[in-house]
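Visitor: A structural model of the following input is requested.
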Amino acid sequence: MPTAQVNGIKLHYETQGSGTPLVFIHGLGSCLEDWEHQLAYFSKRYRVITVDLRGHGRSDKPTAGYSMQLFASDIAMLCNALRLEPAHIVGISLGGGIAFQLAVDSPEVVRTLTIVNSAPEVFFKTLKEKFAIWMRFAIINTMGLQKLGGILAEKLFPRPQDEAEKRKFLERYQRNEAKPYKASLRAFIGWSVMNQIGNLRMPTLIMAADQDYTPISLKEEYTPKIPGAKLVVIPNSHHAAPMETPETFNALLDEFLAAH
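Guide: Residues are numbered from 1 along each chain as shown. The predicted structure is shown next:
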């Protein structure tokens with residue numbers, strides 16, 4: 001099991017294929033296995049690196065000390081250890097936030113930036129939004145991560161034809177430990193690099209599922225703030241688009257990467 005020593009922990013990663021490096025960063029409560037459809041597709045032409053974030057998968061799981069800056073530093077150190085720079089960086093949800101932070105803090109390791117169903121800041125402003133995040137912590141504390149995973153799975157994979165992907169998501173989600181999960185979530189809440197994205201100079205693609213629980217309008221608002229950034233919408237898809245609609249997702253990403 002390949003690991004890299006970064007910031008005092010062991011980070012588990014996997015690599016396949018050869019060529020220009022392409023790094024995929026998963027979301028909260030997930031693991032590198034979520035990118036199986038992308039690994040099979042892109043490893044034919046790229047050196048694909050998938051990684052378990054700290055607190056996730058088979059990486060070390062400290063119970064405290066999480067921040068978006070530290071998540072990004074972990075990835076930068078992994079890129080340096082594997083001599084990947086500069087690499088195509090793709091991140092979804094929490095991983096998208098980490099990718100933004102990485103591009104701000106360590107632009108020299110980022111060849112291109114792809115953000116999937118995410119944003120450069122996370123603030124909960126309305127009572128509905130604040131209640132939703134309070135409920136997530138409440139469910140974990142009273143009923144456990146398994147219960148939360150079941151609720152999320154129904155939202156991520158509502159279509160009957162995605163039952164197999166839903167089962168895989170649930171199995172992976174239930175491997176999480178509560179303290180690292182909650183610490184990772186707290187690191188994301190209230191974080192922002194919105195004031196810095198105007199300084200980004202690498203080619204940037206923003207990918208938005210048309211039925212994501214964060215609206216397309218949010219992506220339409222921040223995309224123009226990034227010089228030269230392009231927004232594409234993934235049709236008939238929800239938050240876990242790379243798992244739910246991999247053919248469309250891969251085609252859109254492939255077109256962007258081929259241009260750079």
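Visitor: other SSEs contacting the top helix by length along the chain?
Guide: The residue-count maximum for a helix in the chain (DSSP state H) belongs to helix 127-143. Where contact means 3 or more Cβ pairs under 8 Å, 6 or more residues apart in numbering; DSSP states H and E, helix 127-143 is packed against helix 145-156, helix 178-188. Quick note: C-beta positions are derived from backbone N, CA and C, even for glycine.
Visitor: which one of these is the most hemmed in?
Guide: Highest mean neighbour count among the helices and strands packed on helix 127-143 (mean count of other Cβ atoms under 10 Å): helix 178-188, with a mean of 19.
Visitor: now for that one, which elements pack on it?
Guide: helix 68-81, helix 94-105, helix 127-143.
Visitor: Format those helices as TSV; extra columns: mean neighbour count.
Guide: Shown next, in TSV, are the helices and strands packed on helix 178-188 (neighbours: other Cβ atoms under 10 Å):
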stretch	mean neighbour count
helix 68-81	21
helix 94-105	26
helix 127-143	12
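Visitor: Looking at those, which is nearest to Arg58?
Guide: Closest approach to Arg58 among those is made by helix 68-81 (14.0 Å; Cβ to Cβ).
Visitor: Residues contacting the closest one, please?
Guide: Residues from elsewhere that reach helix 68-81 (Cβ atoms under 8 Å, 6 or more residues apart in numbering): 4-7, 9, 11, 13, 21, 23, 25, 49, 51, 53-54, 84-85, 87, 89, 94, 97-98, 101-102, 104-106, 109, 187-188, 191.
Visitor: Could you rerun that using 7 Å?
Guide: The contact list for helix 68-81 (Cβ atoms under 7 Å, 6 or more residues apart in numbering) reads 4, 6-7, 11, 13, 23, 25, 51, 53-54, 85, 87, 97-98, 101-102, 105-106, 109, 187-188, 191.
Visitor: the inter-axis angle of it versus helix 178-188?
Guide: 100 degrees (axes from the mean of the first three to the mean of the last three Cα atoms, to 10 degrees).
Visitor: Now the element after helix 68-81, going C-ward?
Guide: Where DSSP states H and E defines the elements, the next helix or strand beyond helix 68-81 is strand 87-92.
Visitor: what residues does that following strand touch?
Guide: By Cβ under 7 Å, 6+ apart, the residues outside strand 87-92 that reach it are 20-27, 79, 98-99, 102, 109-118, 242, 253, 257.
Visitor: now that strand, how far from the chain's geometric center?
Guide: Here strand 87-92 is found 8 Å from its chain centre; the criterion is Cα atoms, centre = their mean, to the nearest Å.
Visitor: cool, stretch 177-187 as well?
Guide: The answer for stretch 177-187 is 15 Å, by Cα atoms, centre = their mean.
Visitor: who's in contact with the nearest residue to Glu85 once chain neighbours are set aside?
Guide: Spatially, and ignoring its direct neighbours in sequence, Glu85 is nearest to Val109 (4.1 Å; Cβ to Cβ, 6 or more residues apart in numbering). Neighbour list for Val109: Ala76, Cys79, Glu85, Pro86, Ala87 [criterion: Cβ under 7 Å, 6+ apart].
Visitor: Out of those residues, which is nearest to Phe124?
Guide: Within the contacts of Val109, distances to Phe124 taken as Cβ to Cβ reach their minimum at Ala76, with 28.1 Å.
Visitor: Which pLDDT value goes with that closest one?
Guide: pLDDT, Ala76: 98.
Visitor: Equivalent analysis for Gly55, please.
Guide: Looking at Gly55, the pLDDT reads 97.
Visitor: Where does it sit, in terms of helix or strand?
Guide: Counting by DSSP H and E, Gly55 is part of no helix or strand.
Visitor: mind checking how far the nearest residue to it once chain neighbours are set aside is from Ile197?
Guide: Spatial nearest neighbour of Gly55, chain neighbours left out: Pro180 (3.3 Å); criterion: Cβ to Cβ, 6+ apart. Separation of Pro180 from Ile197 (Cβ to Cβ, to the nearest Å) stands at 28 Å.
Visitor: Appreciated, that's everything.
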